[in-house]
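Trainee: fold the following.
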Amino acid sequence: PVQRSSGVAAQSYGASRLGGMGGTEGPITPISSLNMYQSQWTVKARVTGKSDVRTWSNARGEGSLFSFEILDNSGTDLRCTCFKEAVDKFYNLLEVDKVYTLTGGRLKVANMQYNTCKSNFECTFDQNAEIRRVDDDGAIQQNVYDFTRIGDLESIEPNKNVDLLAYARHVSPVGTVISKKSGQELFKCEITLVDDSNAEVRFTVWGDKAKSAETDFANTPMVAVKGARVSDFGGRSVGSISGTNITKNPRHPEAQRLASWWSQGGSSGQNVVSMSKSGPGGGRVVPFHERKTVASIRTEQLGHGEQPDWLTFRATINFIKKDKEGGPWYTACSKQEDPCNGRPKATQTTDGYWHCDRCNETRPDCLRRYIFSFTVIDDTSTTWASVFDENALVLLGGVTADDLNRKCFSEDYDTDYFENIFANAGFTEWLFKCKVKKEIFGDEERVKTSVYQMTPLNYAEESKNLLTAIQKMNIC
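Mentor: Down below sits the predicted model:
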């Protein structure tokens with residue numbers, strides 16, 4: 001299916017119309033109809049996001065690139081990339097929220113690990129492509145969103161991408177970090193987002209977005225964030241990645257609802273809970289009426305559906321299974337940038353280095369990350385639960401797996417230190433937030449409980465919450 005372009009006067013940059021005006025009419029192909037067997041096509045689309053220019057250097061050479069996302073009136077968006085000469089030709093031409101016709105792109109299958117667009121393809125434009133700015137007739141919406149409320153982020157698994165509609169309540173001063181990969185200084189800025197779920201979350205932006213954040217987000221604007229990456233460090237937080245788009249004062253039907261909440265008291269910040277804290281184990285303390293018991297995993301048949309179930313309960317750790325050969329951890333890739341972020345397994349090679357299949361790199365060291373299980377008990381039942389590195393650090397007082405390996409698995413094996421670390425963690429009481437999901441182990445079906453957050457009990461606050469809960473029961 002094709003549509004005819006409007007034929008309006010247009011600014012044109014490309015192989016045959018560099019810097020010229022006007023252009024020939026031609027068939028417009030919907031992005032949803034693109035396929036790799038088409039040799040020539042033209043799309044008419046709105047630019048919904050554009051990255052900074054980045055440079056690269058490897059054994060095959062060096063150059064620059066930038067990516068941008070486009071959306072047409074079929075409701076499908078497409079990620080595009082320009083390299084080398086195309087960067088100089090098209091970067092300044094392309095503006096977010098403007099409409100263009102684009103011809104001469106090359107399609108390939110999308111890498112969904114980094115691509116948040118709906119199209120199954122990605123597109124590359126070189127210096128021979130033709131990109132023309134055209135009049136905006138309003139037929140193409142500003143962007144396509146699937147908004148998640150901030151108060152629901154606890155139920156989103158880490159490393160998933162979400163869209164948020166919120167107010168930028170606070171902007172922290174711009175800071176810098178040193179990239180472990182390149183050694184270069186990176187700019188970062190943390191923005192506090194709040195919405196009408198009465199919850200707020202820390203949103204980290206990088207690069208040029210960070211440098212201009214204090215100006216861009218002044219005066220608490222409403223923002224629509226598309227494709228932010230969820231993290232479980234410090235409860236829940238979100239961060240920008242290469243495909244993240246941020247739109248101020250978006251044109252969206254849900255914007256009116258949020259604006260009404262803000263004007264009717266939401267801007268005061270009262271009764272707002274933070275999903276982000278300064279370290280692991282942070283986040284909102286779940287009130288009594290939202291909690292369950294350990295026995296409810298069995299009695300309510302949790303974890304047996306297609307999607308995992310989530311529950312929060314208060315329980316005591318009464319046994320820790322720590323005696324795994326080589327230590328209660330696994331060896332992870334030490335690369336902290338995408339696509340690894342210090343998580344995939346690394347395998348030791350015969351020459352003593354560590355190889356990661358995810359990034360296909362070999363490094364001189366690895367990163368040990370905790371993975372073990374324990375049993376928890378409350379007054380209704382007991383169950384096994386698996387715990388991973390972030391929450392294990394909370395449980396073990398911040399002692400890292402690498403530290404424990406050096407002290408206890410070297411030539412001077414310190415058995416007492418190892419045993420004491422875990423003994424101090426036993427018979428402690430926590431508020432657990434867990435994911436429950438049925439899995440297949442061999443030929444056997446089991447319901448697996450995984451800890452996603454564990455919070456030390458504040459007994460003073462627990463007592464206040466208990467009194468509040470009793471008062472609501474209207475007991476005479």
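
Trainee: so what touches stretch 108-123?
Mentor: Residues from elsewhere that reach stretch 108-123, judged by C-beta atoms under 8 Å, 6 or more residues apart in numbering: 31-32, 34-36, 69, 75-81, 105-107, 124, 144, 161, 226-227, 241-244, 338-339. Bear in mind the C-beta positions are built from the backbone N, C-alpha and C, glycine included.

Trainee: now list the buried members of the residues you listed.
Mentor: Neighbour counting by 16 or more other C-beta atoms under 10 Å classes 31-32, 34, 69, 76-81, 105, 107, 124, 161, 226-227, 242-244 among those as buried.

Trainee: now, which of the residues you listed lie within strands?
Mentor: Judged by DSSP state E, those include 69, 77-81, 107, 124, 161, 226-227 as members of strands.

Trainee: and these as CSV, adding pLDDT and distance to residue 45?
Mentor: Listed next are these as CSV, based on pLDDT from 0 to 100; distance: C-beta to C-beta, whole Å:
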residue, pLDDT, distance to residue 45
69, 93, 9
77, 92, 8
78, 94, 7
79, 92, 12
80, 94, 9
81, 95, 15
107, 93, 14
124, 94, 16
161, 90, 21
226, 91, 15
227, 89, 17
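
Trainee: and which of the residues you listed is nearest residue 383?
Mentor: Among those, residue 161 lies closest to residue 383 (C-beta to C-beta), at 31.2 Å.

Trainee: spit out the contact partners of that closest one.
Mentor: By C-beta under 8 Å, 6+ apart, the neighbours of residue 161 are 116, 227-230, 241.

Trainee: farthest-apart pair in those residues, please.
Mentor: 116 and 230 (12.4 Å).

Trainee: which of these two has more residues huddled nearby?
Mentor: Shown here are residue 116 and residue 230; by other C-beta atoms under 10 Å, residue 116 has more neighbours (22 against 19).

Trainee: could you list the single helix or strand in this structure with the lowest mean pLDDT?
Mentor: One helix or strand of the chain scores below all others by mean pLDDT, DSSP states H and E: strand 20-21, with a mean of 36.

Trainee: in its sheet, which strands sit next to whichever helix or strand comes after that strand, and in what direction?
Mentor: Following strand 20-21 in sequence order, the next helix or strand is strand 27-28 (DSSP states H and E). Strand 27-28 has the following sheet partners, assigned by DSSP bridges: strand 3-4 (antiparallel).

Trainee: list the buried residues in stretch 44-56.
Mentor: 44-51.

Trainee: try stretch 149-163
Mentor: For stretch 149-163, a neighbour-count test (16+ other C-beta under 10 Å) marks 150-151, 153-154, 158, 161-163 as buried.

Trainee: kindly report the same for stretch 300-314.
Mentor: 302-303, 308-314.

Trainee: export those to TSV and tack on pLDDT, distance to residue 135 and secondary structure?
Mentor: Below are the buried residues of stretch 300-314 laid out as TSV (pLDDT from 0 to 100; distance: C-beta to C-beta, whole Å; DSSP: H, G, I helix; E, B strand; the rest coil):
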residue	pLDDT	distance to residue 135	secondary structure
302	91	55	coil
303	89	54	coil
308	78	48	coil
309	84	51	strand
310	81	48	strand
311	87	54	strand
312	88	53	strand
313	94	58	strand
314	94	61	strand
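
Trainee: re earlier: now for the buried residues of stretch 149-163: which two are most distant?
Mentor: Maximum pairwise distance among the buried residues of stretch 149-163 (C-beta to C-beta): 18.1 Å, between 151 and 161.

Trainee: all helices of the stretch 251-400 of the chain, in order?
Mentor: Using DSSP state H, counting those that start in this stretch, the helices assigned to the stretch 251-400 of the chain run over residues 253-263, 296-299, 389-395.

Trainee: quick check: which of those is buried the most?
Mentor: Mean neighbour count, computed with mean count of other C-beta atoms under 10 Å, is highest for helix 389-395 among the helices of the stretch 251-400 of the chain, reaching a mean of 22.

Trainee: and that helix, C-alpha only, in CSV?
Mentor: Provided in CSV are the C-alpha atoms of helix 389-395 (Å, rounded to 0.1, in the frame of the first residue of the first chain):
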residue,chain,number,x,y,z
ASP,A,389,24.3,-10.0,44.1
GLU,A,390,22.6,-6.7,44.8
ASN,A,391,20.5,-8.1,47.6
ALA,A,392,23.2,-10.4,48.8
LEU,A,393,25.4,-7.4,49.4
VAL,A,394,22.7,-5.9,51.7
LEU,A,395,22.4,-9.2,53.6
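
Trainee: next, the buried residues of the lengthiest helix in the chain.
Mentor: For the chain, the helix that runs over the most residues, judged by DSSP state H, is helix 459-472. The neighbour-count check on helix 459-472 (16+ other C-beta under 10 Å) flags residue 465 as buried.

Trainee: and it, what does it pack against?
Mentor: Judged by 3 or more C-beta pairs under 8 Å, 6 or more residues apart in numbering; DSSP states H and E, helix 459-472 is in contact with no other helix or strand.

Trainee: pull the distance from it to the chain's centre.
Mentor: 34 Å (C-alpha atoms, centre = their mean, to the nearest Å).
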